[in-house]
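# With the sequence up front, the predicted model follows.
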Amino acid sequence: MKADIRFDDRVVVVTGAGNGLGRSYALELGRRGALVVVNDYGGSTDGTGGGRRAADLVLDEIVTVGGRAVASYDSVRQDAGCRNIAALALEAGGRIDAVIHNAGIARNTRLYGMDDEHWFPVIDTHLLGGFYLARAAWPAMVDAGYGRFVITSSATGMWGRAEGANYAGAKAGLTHRYYSALRGRYVEIFVAVNDGWVAPAGEPPTVEELAAHLDIVEDRSAYSVPHDSLDEVLLARPVR
């Protein structure tokens, strides 16, 4: 029988921890021994408003059952807010072992109705928030020789959505290893590169030549999964 997974002596930052998935993450980490930085700006689902109640309630739930937690009310939309979150984690626990960036908002509309007030707040919260927070936490992780990042993305980032180009763009920009949990099924979603068609050496192929080999270009019978963009370049080097 496998031993219980514990996070004793670990410090974990959870953004958007006041409700929903973030709250679940924070409570579970607290139950398993982590010192949880419960971050929540306290706004509504569209990013307006703010307050301390959401974060405070989750902090109280953790502490009531004997866990350890501190509350953070900073917004991840600004670099300064993310630096404050990282500083609080270091002040409370002396280290940052993991960051779960779960904070998010939604401002749904179709593309023709999407103005800057729909686009930028969503991008700032999901995408820039992930960047700012990772950059703020990174030095402490490097010093400790240990660290983990978990980003709450969305299937929208992979497959898109009619009224969510802003949300899809933000979520797609967060992805490295992509896991999905939906209706009891747990899977990894991945982008692959097939073997493709290798053009003859010499001049670049014509459009007609490419069209004639399109069935090979689209053949999915054999493929590789690049680790990153450089890996994809190496995989693409043809053997002539």
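Received the coordinates, thanks. Residues are numbered from 1 along each chain as shown.
# residues contacting the residue nearest the centre of the chain?
With distances taken as Cα atoms, centre = their mean, residue 151 lies nearest the centre of the chain, 2.4 Å away. Going by Cβ atoms under 8 Å, 6 or more residues apart in numbering, residue 151 touches 100, 101, 130, 174, 175. For glycine as for every other residue, the C-beta is placed from the backbone atoms N, C-alpha and C.
# out of those, which are inside strands?
Among the contacts of residue 151, the ones falling in strands (DSSP state E) are 100, 101.
# now, the most widely separated pair of the contacts of residue 151?
Farthest pair in the contacts of residue 151 (Cβ to Cβ) is 100 and 175. Separation: 15.3 Å.
# ok, the two, which is more surrounded?
residue 100 (25 against 15; other Cβ atoms under 10 Å).
# Which positions are bridged to residue 98 in the beta structure?
Here residue 98 shows beta-bridge partners residue 12, residue 148, assigned using DSSP bridges.
# For residue 12, state which of the contacts of residue 151 is nearest.
Out of the contacts of residue 151, the member with the shortest distance to residue 12 (by Cβ to Cβ) is residue 100, at 6.7 Å.
# so that closest one sits right up against residue 12, yeah?
Yes: taking Cβ atoms under 8 Å as the definition, residue 100 is a contact partner of residue 12 at 6.7 Å.
# what about the residue nearest to residue 61 when sequence neighbours are not counted, neighbour count?
Leaving aside its chain neighbours, residue 61 sits nearest to residue 27 (6.1 Å; criterion: Cβ to Cβ, 6 or more residues apart in numbering). A count of nearby residues for residue 27, using other Cβ under 10 Å, gives 20.
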